[in-house]
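1. curious how this folds, go ahead:
(4 chains)
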There are 2 protein chains.
Amino acid sequence: MTVTLADVAARAQVSPATVSRVLNGNYPVAAGTRERVLRAVDELDYVLNGPASSLAASASDLVGILVNDIADPFFGIMAGAVQSEIGPGGRAGGERLAVVCNTGGSPERELTYLTLLQRQRADAVVITGGAIEDAEHMNALAAKMERLTDAGTRVVLCGRPPAPDTGAVALTFDNRGGGRRLTEHLLGLGHRAIGYIAGPEERTTTRHRLEGHRAALAAAGLPDGETVHGPYDRSSGYDAALELLRRDPSLTAIVAANDSVALGACAALRDAGRRIPDDVSVAGFDDLPFSIDTVPALTTVRLPLYEAGARAGRIAMSREKEPPGGVATVHGELMVRGSTAAPRG
Amino acid sequence: MTVTLADVAARAQVSPATVSRVLNGNYPVAAGTRERVLRAVDELDYVLNGPASSLAASASDLVGILVNDIADPFFGIMAGAVQSEIGPGGRAGGERLAVVCNTGGSPERELTYLTLLQRQRADAVVITGGAIEDAEHMNALAAKMERLTDAGTRVVLCGRPPAPDTGAVALTFDNRGGGRRLTEHLLGLGHRAIGYIAGPEERTTTRHRLEGHRAALAAAGLPDGETVHGPYDRSSGYDAALELLRRDPSLTAIVAANDSVALGACAALRDAGRRIPDDVSVAGFDDLPFSIDTVPALTTVRLPLYEAGARAGRIAMSREKEPPGGVATVHGELMVRGSTAAPRG
DNA sequence: TTGAAAGCGATACCAG
DNA sequence: CTGGTATCGCTTTCAA
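-> Residues are numbered from 1 along each chain as shown, chains lettered A, B, ... in the order given. Coordinates of the predicted model:
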């Protein structure tokens, strides 16, 4: 029915072994022979049987990229960068099947996808976004990552803390530093009543950004301000902003744990009759392209997402012990856009 | 090194065949035996060898979802819906590896990803987003889809026209109707000088939306207005809006081929000193959650992306000749938000 | 530089 | 309900 290697071999008048060698290109084959084999491949419209190949070679060309929310451009940018580094057209050697898996932020699905990728004997796995800080899940995850690396799958963490003794390589963002600088900026403008919309509880990104924020407050001799937790999405930002206003109507600034949340907060403020930034300033985190000019008043810590993604992709593909350029923390750049203002009065 | 089915069989004191039957669950096995096998699986921490399994069964549990731009929430929403229908936790039976592949809108990469998925003997492939109308590429694509369906891979097109004789099932959006209604709405308000920012040339979505727009103009006895083409992204909308203003400074409305483009256009208008919608009204297409409240003046044809994605997922999983509920065109809903205005004067 | 043949690890058919 | 085993299509020594 379907064309096999043997068919190609027969047609090219060579042995299956030779066809395999031509196809994999990592073995000397006479130019003429290669020519004939390639012609036969073309004429028969032959497509390699991946499972058979993976079974025999005990290795596949599948690379998985795990993201917390595929509808969030934050992850889209990173995943796209990883893929363009690894997948078709990528520079990291040829035609790997680089695929994105959406965990939806669920710990179970995170583990399930890793198992699925382990089943496929994935070549590499890139896990992006903040990790969940639940002891049980962390153990399960660490165990799984260790088994993956043991089996030869390279594991790269991008945007979450290192996982010691698992063989996974980590590329982290400076979330604490970013949170701190964002708040220092607002303090510098004179803001004292600052509300904070945090991400979901038990997430490393949530905790680190909040710690940076509070460190800045503490350094200025101020107590913690009002804080509301919620998912990293727009509607959560909307609700949280209203809640913050309810708790403290005199707020002059709101820091949001990411840009999607910040946009939701802006919408809420507008609906509540507050002007941005004249009445309330808003600050965000991350680097969503659309936030740049839809909400001119936004102050943001801009994370080099594309670069980080590309770097993670390169690390995933590297077969060296040490990834190229070593592993580092990515620092965000503070961007003040439009008219972030000092408090009135 | 790694644990195999045979190891599990030995430990459970049964034959490999029995272990396989327990694991696949589609064959009667005595409760006690099953128990023992599952315990052995657990104790040995056994993970199925996907390639071996796929080879033997000549079928895999891989489902590919192709998108044009993974950083665009339009595709993120659809892809997420497909995944949640098919992947871990999805209702469509168990643990398939539903993965997203980013073509970046490139025809070559589209074909390459399909080949890669064909290699893996993918169970199903969902291709989302507008198609490129280049004869050569269309032929190559049709041929590839036919080979995929011949090999037993179910192919579902979501948001692009049917591909006759390929065995692919199509779920289409009513782009013409949407473009028409959007324009009719503006005409109804009294707008006569309407600029149009179209998507990339040679895309079905671009053409159909533009056709609907022009049909509405023609029905009102008006000639085609100014049109500028560009990619489906924000910066393209920004540039195109400026170009439209340059060509016709008296424009009172702009229709954009999608919401990302519309947001860019809004930014450009603002930078050019035009007020929205008092000076110029803006209309978009699609359903980006953030556009709902970041640009209150926007009028949009809202496509039920999530539903379409979920439906496409169900079709992909269906093994019937006819997909559940038949195949249909998805109609968008016209949403007039905030203060889309009549032209001044 | 090329060929022959032994696996890789699971599935599914055929017996029992 | 369970076991034996041929088979899937490719990779990779080992020889020639």
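2. for DNA strand C, what are the nearby residues on the stretch 51-200 of chain A?
-> A:55-56, A:58 (CB under 7 Å from any atom of the strand). (Glycine included, C-beta is placed from N, CA and C.)
3. contacting residues for the residue in the stretch 201-345 of chain A that DNA strand C sits nearest to?
-> DNA strand C sits closest to residue A:319 of the stretch 201-345 of chain A, with a gap of 20.7 Å, by CB to the nearest atom of the strand. Contacts for residue A:319 (CB atoms under 8 Å, 6 or more residues apart in numbering or on different chains) come out as residue A:154.
4. low-confidence regions, chain A specifically.
-> Filtered on pLDDT under 70, chain A yields the residue ranges A:1, A:90-94, A:287-297, A:321-325, A:337-340, A:345.
5. domains of it?
-> Annotated domains of chain A cover A:1-57, A:59-173+A:304-331, A:175-303 [automatic domain parsing].
6. can you list those domains in JSON lines and add distance to residue B:164?
-> Listed next are those as JSON lines, based on distance: least, CB to CB, whole Å:
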{"stretch": "domain A:1-57", "distance to residue B:164": "21"}
{"stretch": "domain A:59-173+A:304-331", "distance to residue B:164": "27"}
{"stretch": "domain A:175-303", "distance to residue B:164": "38"}
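7. before we move on, back to that, just the element for the residue of the stretch 201-345 of chain A closest to DNA strand C, please.
-> Under DSSP states H and E, no helix or strand contains residue A:319.
8. what's the local residue count around the residue nearest to residue A:234 when sequence neighbours are not counted?
-> Leaving aside its sequence neighbours, residue A:234 sits nearest to residue A:264 (CB to CB, 6 or more residues apart in numbering or on different chains; 3.9 Å). Counted with other CB atoms under 10 Å in any protein chain shown, residues neighbouring residue A:264 total 26.
9. what residues does the stretch 51-200 of chain A put near DNA strand D?
-> For the stretch 51-200 of chain A, the residues in contact with DNA strand D (CB under 7 Å from any atom of the strand) are A:52-53, A:55-57.
10. near chain B, from these?
-> Contacts with chain B within those, as defined by CB under 8 Å from any CB of the partner chain: A:52-53, A:55.
11. what would those look like in CSV with neighbour count and secondary structure?
-> Shown next, in CSV, are those (neighbours: other CB atoms under 10 Å in any protein chain shown; DSSP: H, G, I helix; E, B strand; the rest coil):
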residue, neighbour count, secondary structure
A:52, 19, helix
A:53, 20, helix
A:55, 20, helix
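12. of those residues, which is the nearest to residue A:276?
-> Among these, residue A:53 lies closest to residue A:276 (CB to CB), at 56.6 Å.
13. need the contact list for the closest one.
-> By CB under 8 Å, 6+ apart, residue A:53 lies in contact with A:60, B:51.
14. for residue A:35, see how far away it is.
-> As for residue A:53, its distance to residue A:35 is 22 Å (criterion: CB to CB, to the nearest Å).
15. the strands in the stretch 51-200 of chain A, which residues?
-> A:62-67, A:97-102, A:124-128, A:154-158, A:169-173, A:194-198 (DSSP state E, counting those that start in this stretch).
16. neighbouring contacts of the third one?
-> When you say that, I think you mean strand A:124-128. With contact meaning CB under 8 Å, 6+ apart, strand A:124-128 is reached by A:63-68, A:75, A:78-79, A:82, A:86, A:110, A:114, A:117, A:148, A:153-160, A:168, A:309, A:312-313, A:316-317.
17. repeat for the first one
-> Contacts of strand A:62-67 with the rest of the structure, by CB under 8 Å, 6+ apart, involve A:75, A:78-79, A:82-83, A:86-87, A:96-103, A:110, A:113-114, A:117, A:120-129, A:316, B:99, B:120.
18. what's the answer for stretch A:160-170, then?
-> With CB under 8 Å, 6+ apart, stretch A:160-170 has contacts from A:127-131, A:141-142, A:145-146, A:148-150, A:154-158, A:172, A:204-205, A:315, A:323, A:327.
19. show me which of those are buried.
-> In terms of neighbour count (16 or more other CB atoms under 10 Å in any protein chain shown), the buried residues within those are A:127-131, A:141, A:145-146, A:148-149, A:154-158, A:172, A:204-205, A:315, A:323, A:327.
20. which residues does the closest residue in space to residue A:328 that isn't next to it in sequence bridge with?
-> Sequence neighbours aside, residue A:171 is the residue nearest to residue A:328 in space, at 7.0 Å (criterion: CB to CB, 6+ apart). Legend: beta-bridge partners of residue A:171 under DSSP bridges are residue A:158.
21. can you tell me how far residue A:171 is from chain B?
-> 19 Å (CB to the nearest CB, to the nearest Å).
22. that residue: how many residues sit nearby?
-> Residue A:171, neighbours per other CB under 10 Å, totals 22.
23. mind checking how far it is from residue B:255?
-> Using CB to CB, residue A:171 is found at 42 Å from residue B:255.
24. and the residue of the stretch 101-250 of chain A nearest DNA strand D?
-> Residue of the stretch 101-250 of chain A nearest DNA strand D, by CB to the nearest atom of the strand: residue A:152 (12.1 Å).
25. how about that residue, what does it touch?
-> Shown in contact with residue A:152 (CB under 8 Å, 6+ apart): A:59, A:121.
26. at 7 Å what do you get?
-> With contact taken as CB atoms under 7 Å, 6 or more residues apart in numbering or on different chains, residue A:152 is in contact with residue A:59.
27. how about the strands in the stretch 201-345 of chain A?
-> According to DSSP E, counting those that start in this stretch, the strands that the stretch 201-345 of chain A contains are A:227-229, A:253-256, A:281-285, A:299-302, A:329-330, A:333-336.
28. how about the ones you listed, which one is nearest residue B:192?
-> Between residue B:192 and the strands of the stretch 201-345 of chain A, the tightest spacing by CB to CB is seen for strand A:281-285, at 38.4 Å.
29. by how many degrees do that closest one and strand A:169-173 diverge?
-> Per axes from the mean of the first three to the mean of the last three CA atoms, to 10 degrees, the angle that strand A:281-285 makes with strand A:169-173 is 170 degrees.
30. ok, strand A:281-285: who's next to it in the sheet?
-> strand A:253-256 (parallel), strand A:299-302 (parallel).
31. list the buried ones in the first one?
-> For strand A:253-256, the neighbour count (16+ other CB under 10 Å) marks A:253-256 as buried.
32. of these, which pair is most distant in space?
-> Largest separation among the buried residues of strand A:253-256 by CB to CB: A:253 and A:256, giving 10.5 Å.
33. tell me, what's touching the two both at once?
-> Jointly contacting residue A:253 and residue A:256 under the rule CB under 7 Å, 6+ apart are residue A:283.
34. give the contact list for whichever residue of the stretch 51-200 of chain A sits closest to DNA strand C.
-> Using CB to the nearest atom of the strand, the closest approach of the stretch 51-200 of chain A to DNA strand C is made by residue A:56 at 3.7 Å. Listed by CB under 7 Å, 6+ apart, residue A:56 has no contact partners.
35. which strand residues bridge the spatially most central residue of chain A?
-> Geometric centre of chain A, nearest residue: residue A:128, 3.3 Å, by CA atoms, centre = their mean. Judged by DSSP bridges, the bridge partners of residue A:128 are residue A:158.
36. show me where the stretch 201-345 of chain A has its helices.
-> With helices called from DSSP state H, counting those that start in this stretch, the stretch 201-345 of chain A shows them at A:204-219, A:234-247, A:259-271, A:291-294, A:305-317.
37. buried stuff in stretch A:36-53?
-> A:36-37, A:40-41, A:46-53.
38. equivalent analysis for stretch A:262-275, please.
-> Neighbour-count burial for stretch A:262-275, counted by 16+ other CB under 10 Å, picks out A:262-269, A:274.
39. let's have those in TSV, adding distance to DNA strand C.
-> Putting the buried residues of stretch A:262-275 into TSV (distance: CB to the nearest atom of the strand, whole Å) gives the following:
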residue	distance to DNA strand C
A:262	48
A:263	47
A:264	46
A:265	50
A:266	52
A:267	50
A:268	52
A:269	56
A:274	60
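40. just curious, which of those is nearest to residue B:186?
-> Among the buried residues of stretch A:262-275, residue A:267 lies closest to residue B:186 (CB to CB), at 24.5 Å.
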